[in-house]
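Asks: build me a model:
(one chain, ligands or ions: 3)
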Amino acid sequence: MWRRFAHLSLSISRTKLRSLQDPTVLKLINTFSFDAGNDGVASSKKPFITFVLGGPGSGKGTQCEKIASTFGFAHLSAGELLREEMSSHSENGELIRNVIKEGKIVPSAITISLIKKSINLATCDKILIDGFPRSEENRIAFEKIIGVEPDLVIFFECPEEEMVKRILGRNQGRIDDNMETIRKRLKVFEDLNMPVVEHYSSKGIVHKITATGTVDEIFERVRQVFASLRPKLCLEH
Ligand SMILES: Nc1ncnc2c1ncn2[C@@H]1O[C@H](COP(=O)(O)OP(=O)(O)O)[C@@H](O)[C@H]1O
Ligand SMILES: O=c1ccn([C@@H]2O[C@H](COP(=O)(O)OP(=O)(O)O)[C@@H](O)[C@H]2O)c(=O)[nH]1
Ligand SMILES: [Mg+2]
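Replies: Ligands and ions are numbered 1, 2, ... in the order given. Predicted coordinates:
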């Protein structure tokens with residue numbers, strides 16, 4: 001996808017694009033570092049993709065913010081993207097609202113289209129995808145449409161009672177942070193999310209993190225995983 005996009009972008013000169021002064025265009029220019037060879041063919045780097053998985057309330061969003069700021073990743077939360085889409089009164093808004101309220105999983109085509117747009121807009125090539133894929137169907141569709149597998153999967157393991165306590169204390173006015181929907185989300189997590197974790201575990205790319213303790217204690221465990229990737233990734237810190 002990024003490769004296709006790089007080709008498209010190169011057909012207009014970067015200077016001309018800059019002169020448009022469109023913030024979206026500027027963001028897109030900054031996304032890709034082009035390396036035009038002698039034949040003028042552009043190549044761009046494939047992003048390093050990390051899926052961040054875990055039950056509802058396990059601390060994915062909290063830890064992703066810390067990973068993003070410490071190690072220079074772009075943080076894409078699938079749930080946030082869906083909530084934004086829901087609030088934008090788009091044609092899928094009502095469907096998304098109903099699915100989230102029921103604790104179910106939004107059709108892959110919708111979620112992947114939002115993720116794809118965000119990857120294209122990301123200003124760096126290290127990407128955290130928070131809370132996706134949530135089912136084997138999501139995973140297979142992502143790998144087919146986007147054409148890549150993740151480089152790394154972080155899985156936050158947290159006892160149910162702790163997740164419930166955290167969600168009930170979250171206070172973000174979410175339509176799914178109530179006991180009735182939480183019960184449904186926990187079942188979806190066990191039945192549909194866990195097979196994704198198992199799939200990637202069999203590929204040896206899952207780092208399981210014990211997600212109890214303070215935010216800083218958990219981040220220390222996470223930090224060690226990313227620190228060990230430093231040579232591969234040119235990570236900050
Ligand atoms: N280690 C922790 N201990 C206590 N509360 C936490 C911890 N990590 C996150 N929280 C809080 O729990 C709630 C759920 O965390 P969040 O990061 O939104 O989880 P998720 O994205 O997995 O649903 C938030 O209110 C957050 O501030
Ligand atoms: O890829 C995704 C991510 C989220 N959701 C829906 O959005 C809700 C909230 O997701 P989020 O990741 O924000 O919740 P969290 O696990 O962080 O509490 C989920 O329960 C699903 O209904 C979805 O359908 N597909
Ligand atoms: Mg979250």
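Asks: measure the residue nearest to L76 when sequence neighbours are not counted to ligand 3 for me?
Replies: Of all residues not flanking L76 in the chain, S118 sits nearest, at 4.7 Å (C-beta to C-beta, 6 or more residues apart in numbering). (C-beta placed from N, C-alpha, C; glycine too.) Per C-beta to the ion, to the nearest Å, S118 is found 15 Å from ligand 3.
Asks: now swap in H75 and tell me
Replies: Distance, H75 to ligand 3, by C-beta to the ion: 11 Å.
Asks: residues contacting that residue?
Replies: Contact analysis of H75 by C-beta atoms under 8 Å, 6 or more residues apart in numbering lists 64-65, 67-68, 128, 130.
Asks: which ones among the residues you listed lie within strands?
Replies: Per DSSP state E, strands hold the following members of the contacts of H75: 128, 130.
Asks: just give me the closest of the contacts of H75 to ligand 2.
Replies: D130 (6.6 Å; C-beta to the nearest ligand atom).
Asks: can you tell me who that closest one pairs with across the strands?
Replies: Going by DSSP bridges, D130 is paired in beta bridges with V52, S77.
Asks: please give the element, helix or strand, for K165.
Replies: helix 160-168 (DSSP states H and E).
Asks: ok, back up a step: check which residues of the helix or strand the residue nearest to L76 falls within are buried.
Replies: In the assignment (DSSP H and E), S118 maps to helix 108-121. Residues of helix 108-121 classed as buried: 108, 110-112, 114-115, 118-119 (neighbour count, 16 or more other C-beta atoms under 10 Å).
Asks: a markdown table for these, including distance to F189?
Replies: Listed next are these as a markdown table, based on distance: C-beta to C-beta, whole Å:
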| residue | distance to F189 |
| --- | --- |
| S108 | 17 |
| I110 | 20 |
| T111 | 16 |
| I112 | 20 |
| L114 | 21 |
| I115 | 19 |
| S118 | 23 |
| I119 | 25 |
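Asks: need those in TSV with pLDDT and distance to V197, can you?
Replies: Listed next are the buried residues of helix 108-121 as TSV, based on pLDDT from 0 to 100; distance: C-beta to C-beta, whole Å:
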residue	pLDDT	distance to V197
S108	98	17
I110	98	22
T111	98	18
I112	98	19
L114	97	22
I115	97	19
S118	96	23
I119	94	22
